[in-house]
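Student: please work out how this folds:
(one chain, ligands or ions: 1)
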Amino acid sequence: MWMARSTLPQSYKLSDGILTPDLTTKVGWTGSGNVALTNDTENFKTGAASVKLAITSAGGNGQILKDPFGVPPLHFGDVSFWYYVYGDPATTVASVSLSLFSTYATAYVYISIAGSAMVSGWNYYSGKVQTWGTVGGATWTNTFTAIRFKVTAAAGQTCAVSFSQCYFEAEYIPLVMWTFDDTYDAPHDAGFFQYLADKNQYATLYVSKNRIGANDAIYLTHDELDEIYAMGHGIGSHGTDHHDLTTMTRAAVAAELTENSEYLVSQGWPRCAYHVGYPYGSRNATVDLAMADAGQLTGRGVTTGSIRSGVFGGVVGDYTLPCVFGLGPDLTLEVAKAAIWTAKLAREHVIIMAHQILAEPDLEEGNDWSTSDAQALADFIQSIQLHSVSMDAYFIGRTNPRYQSLPVGRSPL
Ligand SMILES: [Zn+2]
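Tutor: The predicted structure follows:
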């Protein structure tokens with residue numbers, strides 16, 4: 001069967017996971033509450049029907065339960081399902097929830113979605129059990145024996161929702177992105193960009209045009225950036241002069257970002273020229289609009305967190321990239337390793353924010369980290385076989401579908 005290119009796997013998805021439970025028929029589900037169950041043969045994603053819950057009393061709720069039901073052991077914790085809302089969810093639906101029970105009715109993890117967060121028609125939930133609510137001491141690593149979808153109507157309203165195509169354990173390729181802010185020379189002086197390149201780990205340097213060569217004792221020179229780019233690292237944008245973009249007009253931000261990006265391209269460093277690290281990590285809605293005006297592809301702030309593949313951002317306009325941590329005196333090597341290991345287990349991406357890498361870091365300085373720790377972290381990333389890529393490579397892999405090989409021995413198409 002041919003697949004449209006647009007439907008091929010994107011965003012580092014290795015596998016859809018396990019299609020379960022059977023939401024192609026109401027048979028096998030126990031309905032309870034103020035609910036009428038039907039097989040919905042008009043709106044479904046798999047098979048020939050979905051399971052429709054019509055809440056029959058105003059403000060009431062109803063559920064479908066499978067007990068026993070063996071949820072596959074969750075290693076990555078990824079869960080997704082589709083649901084079709086009849087009518088206007090903002091006025092008729094209070095919430096839709098999915099619960100996984102380790103002990104039915106008393107110990108469970110759950111996700112609840114408010115009607116105001118839904119649209120009329122098809123909705124898609126995709127998330128990680130690690131972030132769900134817990135009741136009765138349940139945790140996402142439990143063995144789950146029952147599953148429940150529940151619909152609650154808004155006060156004074158009835159509603160109807162159909163559930164379809166629930167997947168567990170979609171798997172993604174985890175990545176690491178090293179990023180360096182502020183055009184500092186110290187990591188280069190420490191030989192760290194060469195150290196990374198020797199391990200096939202490629203960083204992104206967010207640089208400001210007006211700092212390049214402005215002070216040899218502090219900032220990188222043009223020749224040094226040429227050398228770093230030739231190693232395979234990317235040179236991205238930190239604005240022309242480290243202005244706080246949130247203090248400027250949309251037009252001024254767009255003009256500054258355009259100027260810096262065009263400068264990077266003109267110097268022969270195009271790979272990451274349209275990827276931004278926000279000075280001071282500052283962004284807001286106006287900056288987002290200016291980023292789009294200036295054709296920027298990604299923006300990295302200083303908010304901490306890992307990136308979940310598959311749902312993060314859009315195809316363009318990935319303007320809220322977090323960093324898993326910033327390297328500084330408050331961060332130990334062991335904590336840094338643990339955060340990267342956790343992200344790898346969850347199949348998430350991590351962005352490392354770095355500034356100064358020095359043989360003898362100044363512990364009074366918020367942004368210094370020692371060369372020996374930085375090298376040990378790079379060694380660790382290599383030892384657990386994570387890929388480390390520059391921001392342009394990350395972005396291409398997020399947005400460009402990858403073809404899957406066909407089974408050996410297939411008959412000719
Ligand atoms: Zn900065």
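Student: show me what contacts the residue nearest to Lys128 when sequence neighbours are not counted?
Tutor: If you skip the residues right next to it in sequence, Lys128 has Gly77 as its closest partner in space, 4.6 Å away by C-beta to C-beta, 6 or more residues apart in numbering. Every residue, glycine included, has its C-beta placed from N, CA and C. Under the criterion of C-beta atoms under 8 Å, 6 or more residues apart in numbering, the contact partners of Gly77 comprise 128-130, 140, 169, 346.
Student: those: which two are farthest apart?
Tutor: The two members of those with the most space between them (C-beta to C-beta) are Gln130 and Glu169, at 12.8 Å.
Student: that older thread, in strands, which of the contacts of Gly77 fall?
Tutor: The strands, defined by DSSP state E, take in Lys128 from these.
Student: how many residues are close by Pro131?
Tutor: For residue 131 the amino acid is Thr, not Pro. Other residues near Thr131 number 11, with proximity taken as other C-beta atoms under 10 Å.
Student: check contacts around it.
Tutor: Contacts of Thr131 (C-beta under 8 Å, 6+ apart): none.
Student: now it: how far from the ion?
Tutor: The span separating Thr131 from the ion equals 30 Å under the rule C-beta to the ion, to the nearest Å.
Student: per-residue pLDDT, that residue?
Tutor: Note for Thr131: predicted pLDDT of 89.
Student: now the residue of the stretch 301-413 of the chain found nearest the ion. Nearest residue, chain neighbours left out?
Tutor: When C-beta to the ion is the measure, the stretch 301-413 of the chain has its nearest residue to the ion at His355, with 7.5 Å between them. Distance criterion C-beta to C-beta, 6+ apart; nearest residue to His355, sequence neighbours excluded, is Asn367 at 3.5 Å.
Student: what's near enough to touch that neighbour?
Tutor: 326-328, 355-356.
Student: ok, and the most crowded of those?
Tutor: Leu327 (26 neighbours).
Student: OK, contacts around it?
Tutor: Remark: with contacts taken as C-beta under 8 Å, 6+ apart, Leu327 is in contact with 336, 352-355, 357, 367, 369, 374.
Student: cool, Gly87 as well?
Tutor: With C-beta under 8 Å, 6+ apart as the criterion, the residues that contact Gly87 are 120, 159-160.
Student: which members of those residues are classed as buried?
Tutor: Of all the contacts of Gly87 considered here, the ones buried according to neighbour count by 16 or more other C-beta atoms under 10 Å are 159-160.
Student: which residue ranges form the helices in the stretch 101-250 of the chain?
Tutor: Along the stretch 101-250 of the chain, the stretches classed as helices by DSSP state H, counting those that start in this stretch are 186-189, 192-198, 222-231, 250-266.
Student: all helices of the stretch 251-400 of the chain, in order?
Tutor: Ranges of helices within the stretch 251-400 of the chain are 285-293, 333-345, 371-383, 391-399, based on DSSP H, counting those that start in this stretch.
Student: now render those as TSV, adding mean pLDDT and mean neighbour count.
Tutor: Conversion of the helices of the stretch 251-400 of the chain to TSV gives the following (pLDDT from 0 to 100; neighbours: other C-beta atoms under 10 Å):
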stretch	mean pLDDT	mean neighbour count
helix 285-293	96	18
helix 333-345	95	16
helix 371-383	98	17
helix 391-399	86	20
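Student: quick one: closest of those to Asp181.
Tutor: The stretch from those with the least distance to Asp181 (C-beta to C-beta) is helix 391-399; that distance is 12.6 Å.
Student: hey, C-alpha coordinates of the closest one in PDB?
Tutor: Once side chains and other backbone atoms are set aside, the C-alpha atoms of helix 391-399 remain, and they are given as PDB (Å, rounded to 0.1, in the frame of the first residue of the first chain):
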ATOM      1  CA  MET A 391      19.600  22.700  15.900                       C
ATOM      2  CA  ASP A 392      19.300  22.700  12.100                       C
ATOM      3  CA  ALA A 393      19.700  18.900  12.000                       C
ATOM      4  CA  TYR A 394      17.200  18.500  14.800                       C
ATOM      5  CA  PHE A 395      14.700  20.700  12.900                       C
ATOM      6  CA  ILE A 396      15.100  18.900   9.600                       C
ATOM      7  CA  GLY A 397      14.500  15.600  11.400                       C
ATOM      8  CA  ARG A 398      11.400  17.000  13.200                       C
ATOM      9  CA  THR A 399       9.800  18.200  10.000                       C
END
